[in-house]
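# With the input below, show me the fold.
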Amino acid sequence: MPYAIAPDGCRIAYQVEGQGLPLVLLAGQSNNHHWWDGIREDFHATHQTITLDYRGTGDSDEPPGPYSTEGLADDVIAILDDLGVDRADVYGTSMGGRVAQWVAARHPDRVRRLVLGCTSPGRGHGIERDNSIRAALSDRDRAVVRQTLIDLMYTPAWQATHPGPHNTLGDRNLTSNARRAHLMASHRHDAWDALPQITAPTLVVHGTEDVFNPVANAPLLTERIPHARMQLIEGARHAYFEEFREVAGPLVRDFLAD
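The predicted structure follows:
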């Protein structure tokens with residue numbers, strides 16, 4: 001298992017598959033690289049995919065918090081440096097999209113093309129999820145929380161034919177401290193002032209039925225980032241990249257091939 005050393009000394013585990021142009025794939029909050037299982041292969045005709053275990057997840061170290069999306073972006077740059085990759089395509093979903101915003105804004109020379117999926121510019125200007133969703137995700141009954149997450153990720157039709165296990169519900173071995181650190185990193189994200197500094201051509205992707213990270217965030221990002229365009233996937237919830245893989249995969253591949 002290769003590791004990169006972050007600026008603070010934290011070891012960040014990463015995984016490399018395929019050949020071609022480097023493509024960094026960034027998972028959602030409290031998740032490790034398995035978020036992309038069964039999906040990363042869609043890019044291997046043209047790209048070498050690079051995933052990571054965020055600090056506190058998978059095989060990476062778990063330093064004490066607080067964590068931040070800016071700091072997680074520094075971890076991504078440490079991996080690119082370890083691999084000797086000067087420039088990569090970056091595709092971030094959910095909290096990974098928040099991390100990707102900082103990678104592209106603070107290191108414009110390192111990002112060739114940027115894809116932001118089901119994500120938000122953050123507090124201050126972003127559209128927050130409904131309080132009823134927050135309440136359900138805070139329920140003491142873990143079974144209720146799990147089903148709430150599944151419903152936020154996937155449509156009932158998908159659930160009926162795909163009972164799981166699902167790779168998007170969080171790292172099963174995540175500690176309570178790491179979970180809290182990830183939650184706060186995502187909650188405190190605010191890249192609004194930095195978004196105009198992004199120079200990479202950008203594709204913003206979102207499911208029209210996403211209420212976990214409300215779809216209203218997609219036009220906010222598109223209008224704020226120069227050279228950005230938006231594509232909504234009709235009927236998709238938060239895990240559009242998995243359930244609507246046959247739509248999302250070609251959409252992103254075509255964008256990266258331009």
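# Please name every helix or strand in contact with the lowest-mean-pLDDT helix or strand in the chain.
Taking mean pLDDT, DSSP states H and E as the measure, the helix or strand of the chain with the lowest value is helix 131-137, at a mean of 86. On a contact count with 3 or more C-beta pairs under 8 Å, 6 or more residues apart in numbering; DSSP states H and E, helix 131-137 meets helix 142-153. Placement of C-beta: from N, CA and C, glycine included.
# got the buried residues for the helix it packs on?
145, 148-153 (16 or more other C-beta atoms under 10 Å).
# which of the residues you listed lies closest to residue 165?
Comparing the buried residues of helix 142-153 against residue 165 with C-beta to C-beta picks out residue 150 as the nearest, at 10.6 Å.
# looking at it, the closest one is touching residue 156, isn't it?
No: Residue 150 is beyond contact range of residue 156, at 9.9 Å (criterion: C-beta atoms under 8 Å).
# Now do the helices in the stretch 1-150 of the chain.
69-83, 95-106, 131-137, 142-153 (DSSP state H, counting those that start in this stretch).
# Show me the contact partners of the longest one.
Read it as helix 69-83. 2-8, 10, 12, 14, 16, 22, 24, 26, 50, 52, 54-55, 86, 88, 90, 95, 98-103, 106-107, 110, 122, 185-186, 188-189, 191 (C-beta atoms under 8 Å, 6 or more residues apart in numbering).
# Okay, angle between it and helix 95-106 too, please.
With axes from the mean of the first three to the mean of the last three C-alpha atoms, to 10 degrees as the basis, helix 69-83 and helix 95-106 are set at 70 degrees to each other.
# Pick out the lowest-pLDDT one from the buried residues of helix 142-153.
Scanning these for pLDDT, the low point is residue 145. It has 89.
# OK, contacts around that one?
136-139.
# residue ranges of the strands in the stretch 101-250 of the chain, please?
Remark: strands assigned in the stretch 101-250 of the chain by DSSP state E, counting those that start in this stretch are 111-117, 202-207, 228-233.
# got those as JSON lines, with mean pLDDT, mean neighbour count and distance to residue 196 columns?
Formatted as JSON lines, the strands of the stretch 101-250 of the chain follow (pLDDT from 0 to 100; neighbours: other C-beta atoms under 10 Å; distance: least, C-beta to C-beta, whole Å):
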{"stretch": "strand 111-117", "mean pLDDT": "98", "mean neighbour count": "26", "distance to residue 196": "14"}
{"stretch": "strand 202-207", "mean pLDDT": "98", "mean neighbour count": "26", "distance to residue 196": "12"}
{"stretch": "strand 228-233", "mean pLDDT": "98", "mean neighbour count": "17", "distance to residue 196": "10"}
